[in-house]
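1. 3D model of this:
(one chain, ligands or ions: 2)
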Amino acid sequence: MKFIVLGSGTSVPHARRSSSGFWVETETGSVLLDCSPSVIHRMAQEKLDWVNLDAIWISHFHLDHCGGLAPFLFGTKHAPQTQNRTKPLKIFGAKGLKNLLASFDGAYNYNLFKQPFPLEIVEVEPLEKFEILPGAVADALKTPHTDESLSIRVRDKNDKTIVFTADTGFEKAFRSFAKNVDLFVLECSFFKNKPVELHLELAEAMYLIRHAKPKRAVLTHFYPEWDAVDFKAEIEKFSPPCEVIEAYDGLSFII
Ligand SMILES: [Zn+2]
Ligand SMILES: [Zn+2]
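-> Ligands and ions are numbered 1, 2, ... in the order given. I've put the predicted structure just below:
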């Protein structure tokens with residue numbers, strides 16, 4: 001399994017951090033976790049095979065996580081590279097995803113659902129298992145952020161596991177949901193004294209890592225206040241049980 005950070009930031013424009021998106025490549029296909037407006041061009045910048053992308057996961061309907069969907073489908077509808085594609089593209093997310101896409105589509109005569117290839121929109125329920133890629137099974141955890149927000153856990157054909165919290169407030173269920181996973185990707189919007197309940201700050205993210213004991217953890221979704229923080233020094237104060245990596249756009253490694 002290969003993991004590539006496309007966007008480590010938020011909806012606030014930032015010179016080095018695009019909004020949310022992560023490319024996960026497995027032996028049996030690739031899935032994009034969140035599709036922010038900037039991500040569709042970030043895939044091309046990283047020379048990723050977006051033409052043959054198999055699946056997209058939408059964690060929730062905030063625009064820094066789903067705002068690239070309609071522009072991407074507008075692109076794939078007309079791009080010369082996708083005209084001969086035959087395999088389906090599957091888009092997964094919470095109940096309401098179909099409505100969301102229909103609203104984008106209805107804003108103008110886009111016909112986004114009519115693609116050169118089959119398009120499948122799949123709405124999932126929390127804790128319902130679904131095949132996100134051939135041989136790769138996923139399930140979702142309800143998170144305290146928006147009504148529909150979900151975290152996802154993916155297990156690929158080779159039993160490598162990844163959990164992506166997406167945006168979330170503090171939720172103890174992550175201690176078991178992310179238990180011993182190979183990669184735990186957590187939002188860590190704020191350094192400390194978070195101004196809202198619906199995101200995590202460093203001490204909370206580190207608590208979840210300490211209890212879930214993943215093999216590796218990545219923190220992401222950084223608001224600009226993080227720019228002034230010495231990430232490594234602050235992480236060390238928590239004596240983490242595993243490597244805890246600061247996401248940056250372009251970070252990539254094999255799980
Ligand atoms: Zn966000
Ligand atoms: Zn959000």
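2. Every contact and neighbour count from this point should use C-alpha atoms.
-> OK.
3. which residues touch the closest residue to residue 245 other than its chain neighbours?
-> Nearest non-adjacent residue to residue 245, counting by Cα to Cα, 6 or more residues apart in numbering: residue 218, 4.6 Å away. For residue 218, the contacting residues are 183, 184, 185, 186, 244, 245, 246, 247, by Cα atoms under 8 Å, 6 or more residues apart in numbering.
4. Helices along the protein, start to end?
-> 39-45, 63-66, 69-78, 97-106, 174-177, 202-212, 231-236 (DSSP state H).
5. all strands of the protein, in order?
-> Using DSSP state E, the strands of the chain run over 2-7, 21-26, 29-33, 55-58, 89-94, 119-124, 130-133, 136-142, 150-155, 161-164, 183-187, 216-220, 243-246, 252-254.
6. Reformat the ones you listed into CSV and put distance to residue 193 next to each item.
-> Listed next are the strands of the chain as CSV, based on distance: least, Cα to Cα, whole Å:
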stretch, distance to residue 193
strand 2-7, 24
strand 21-26, 26
strand 29-33, 28
strand 55-58, 28
strand 89-94, 30
strand 119-124, 34
strand 130-133, 37
strand 136-142, 24
strand 150-155, 23
strand 161-164, 23
strand 183-187, 15
strand 216-220, 17
strand 243-246, 19
strand 252-254, 30
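7. Make CSV out of those strands and add distance to residue 107 and mean pLDDT.
-> Output for the strands of the chain, formatted as CSV (distance: least, Cα to Cα, whole Å; pLDDT from 0 to 100):
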stretch, distance to residue 107, mean pLDDT
strand 2-7, 27, 98
strand 21-26, 24, 98
strand 29-33, 25, 98
strand 55-58, 20, 98
strand 89-94, 20, 98
strand 119-124, 19, 98
strand 130-133, 29, 98
strand 136-142, 29, 98
strand 150-155, 26, 98
strand 161-164, 31, 98
strand 183-187, 31, 98
strand 216-220, 32, 98
strand 243-246, 38, 98
strand 252-254, 36, 98
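8. highest average neighbour count across the helices of the chain?
-> Of the helices of the chain, the one with the most neighbours on average (mean count of other Cα atoms under 10 Å) is helix 63-66, at a mean of 24.
9. beta partners of the residue nearest to residue 121 when sequence neighbours are not counted?
-> Excluding the flanking residues, the one nearest residue 121 by Cα to Cα, 6+ apart is residue 91, at 4.8 Å. Judged by DSSP bridges, the bridge partners of residue 91 are residue 56, residue 121.
10. The residue nearest to the spatial centre of the chain bridge partners, please.
-> When the chain is reduced to its mean C-alpha position, the closest residue under Cα atoms, centre = their mean turns out to be residue 33, at 3.2 Å. Applying DSSP bridges to residue 33 gives these bridge partners: residue 22, residue 57.
11. That one contacts residue 54, correct?
-> No. In this structure, residue 33 is not within contact of residue 54 by Cα atoms under 8 Å, at 11.5 Å.
12. What is the neighbour count of residue 197?
-> 12 (other Cα atoms under 10 Å).
13. Residue 35 versus the nearest residue to it once chain neighbours are set aside, what's the distance?
-> Excluding the flanking residues, the one nearest residue 197 by Cα to Cα, 6+ apart is residue 169, at 5.7 Å. Applying Cα to Cα, to the nearest Å, the value for residue 169 to residue 35 is 20 Å.
14. Appreciated, that's everything.
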